[in-house]
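*Asks:* from the sequence below, what's the structure:
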Amino acid sequence: MKPLLSIAAFTVVIALFPLVTDSGVHLNFVMMALYAGLMGMAWNVLAGFGGQFSFGHALFFGFGAYIHIIAQLSWGINPWFAIFLAIAVSALVGAVVGALSFRYGLKGSYFALVTLAFAEVARILALSVDITGGGVGLMLPLKPSVANMQFESRVGYYYMMLVMVVVALLLTQWLKGARFGAYLQAIRDNEDAARAAGVDPFQVKLRAIALSGAMMGATGAFYVQVFQYIDPAIAFGPQASVEALVAAIVGGLGTVWGPLLGAVVLHTLSDVTRNLFGALPGINMIIYGSVLVLIVMFLPRGIAGLGVSVRDLFGKKRS
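*Replies:* Residues are numbered from 1 along each chain as shown. Coordinates of the predicted model:
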C-alpha cells in the first residue's frame, strides 16, 4: 500500500496547486513538467524495464497527434473519443514496429537505429500526403468548450494531464510488482537466461512496445489539443524522442518516479537557461546533453537512485 499512498499524496498535492496560485506561468510550468514526465514514463516502460532503447519514440508521439487531429477535422469524431482512438492507433503502430524488429532479433544499437529510421520515414510520408496537411501542417479551429476539449484556461488542461500522469504512475507501479514486469526485467538483464526459464521474449517485448507506444501517443494527442497545431517536424522530429529518453535516463531507468523527477529537473533547467541565455539558440539541447553526460558519469542510476549511487561511491573509496 505504501507506493499507492505515495501516488495518492502526489495526486492530492498537484491537484490542489491551482487553488494555491492563479499564476498562468506557474500552472503552465507544472503542466509541461508533467507532460515531459509522461513522455519519460512511456520511454521507461520499454527501455527502463525491458532494456530496449529506442531513438524513435517520436513515431508514436506523431501518430497520436495526427490521429487525434485528423479524427476531429476529417472524420468528425469528438475529441474525447478521438484521444482514445489516437492511443489505440499508437499502440498498434508500436506492435507493428515491435513485430518487424523483434521477430528478426534486433536489439541494442540496431533496434535503436531502426526506431529512428521508422520515425524519419513517417516524417517524410507526412510531408508528402494531403491528409496530414503536408509541410503546412494541420490546425484545430478554436471552439472553446468542455465538449470540444478546449478549456477557457490552462487549469482544464492541467487536470487532464494530471489524470494521464496518475494513470501512467499506476501502470508503472503495477509493472514493478506484476509478473509481466518481472519478465521484462529478466529479458533486460539476460534475454537468453529468461528464454531458458520459459519466458517468451518476443511476446513480452511486443506487449511492452505496444504499451509504451500507447502512452507516447497520449502525449501527442494532448500536445495537439493544447497547442491546436501539428506539422511533420513537430510530430516526428527528434525533439519528442530526445525529451522522452533524457527525462527517463536523468531521473532513473526502471523506476516509478525517476522519469517524473528527471522531467522536473530538466524543465527547470530549460526555463532557467531560457531566461538567462535567451539570445543563444539551441542552449537547451546543450544543457540537456551536458546533464546527461554528468548523470551517466556520476549517477548511473539517475536521480531516483542517488542514495544507492552515493553509497556505492563511498563503498569503493573505503575499499
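*Asks:* hmm, Ser212 and Gly98 touching each other?
*Replies:* No: Gly98 is beyond contact range of Ser212, at 9.3 Å (criterion: CB atoms under 8 Å). Just so you know, the C-beta spots here come from the backbone N, C-alpha and C atoms, and that holds for glycine as well.
*Asks:* the two: who's more crowded?
*Replies:* Ser212 (29 against 25; other CB atoms under 10 Å).
*Asks:* need the three-state assignment for the more buried one.
*Replies:* When classified by DSSP: H, G, I helix; E, B strand; the rest coil, Ser212 comes out as helix.
*Asks:* tell me which residues touch it, please.
*Replies:* Residues in contact with Ser212 (CB atoms under 8 Å, 6 or more residues apart in numbering) are 42-43, 45-46, 54, 57, 60, 94.
*Asks:* which residue ranges of the stretch 201-319 of the chain form strands?
*Replies:* Using DSSP state E, counting those that start in this stretch, the strands of the stretch 201-319 of the chain run over 229-230.
*Asks:* poorly predicted segments of the stretch 201-319 of the chain, please.
*Replies:* Applying pLDDT under 70 to the stretch 201-319 of the chain picks out residues 278-279, 284-285, 288, 307-319.
*Asks:* and the helices in it?
*Replies:* With DSSP state H, counting those that start in this stretch applied, the stretch 201-319 of the chain shows helices at 201-227, 232-236, 238-251, 258-276, 283-298, 306-318, listed in chain order.
*Asks:* how about those helices, which one is nearest Arg195?
*Replies:* helix 201-227 (5.8 Å; CB to CB).
*Asks:* could I get the buried residue list for the closest one?
*Replies:* Within helix 201-227, the residues scored as buried using 16 or more other CB atoms under 10 Å are 201, 204-226.
*Asks:* do you know which of the helices of the stretch 201-319 of the chain lies nearest Ala65?
*Replies:* helix 201-227 (3.5 Å).
*Asks:* tell me what angle the closest one forms with helix 238-251.
*Replies:* 110 degrees (axes from the mean of the first three to the mean of the last three CA atoms, to 10 degrees).
*Asks:* what residues are up against the residue nearest the centre of the chain?
*Replies:* Residue closest to the mean C-alpha point of the chain, counted by CA atoms, centre = their mean, is Met39 at 1.4 Å. Contact analysis of Met39 by CB under 8 Å, 6+ apart lists 57, 61, 216, 219, 240, 243-244, 247, 259, 263.
*Asks:* what ranges do the helices span in the stretch 51-200 of the chain?
*Replies:* Using DSSP H, counting those that start in this stretch, the helices of the stretch 51-200 of the chain run over residues 58-73, 79-102, 108-128, 154-177, 179-189, 191-196.
*Asks:* for these, which one sits closest to Ser270?
*Replies:* Of the helices of the stretch 51-200 of the chain, nearest to Ser270 by CB to CB is helix 154-177, at 17.2 Å.
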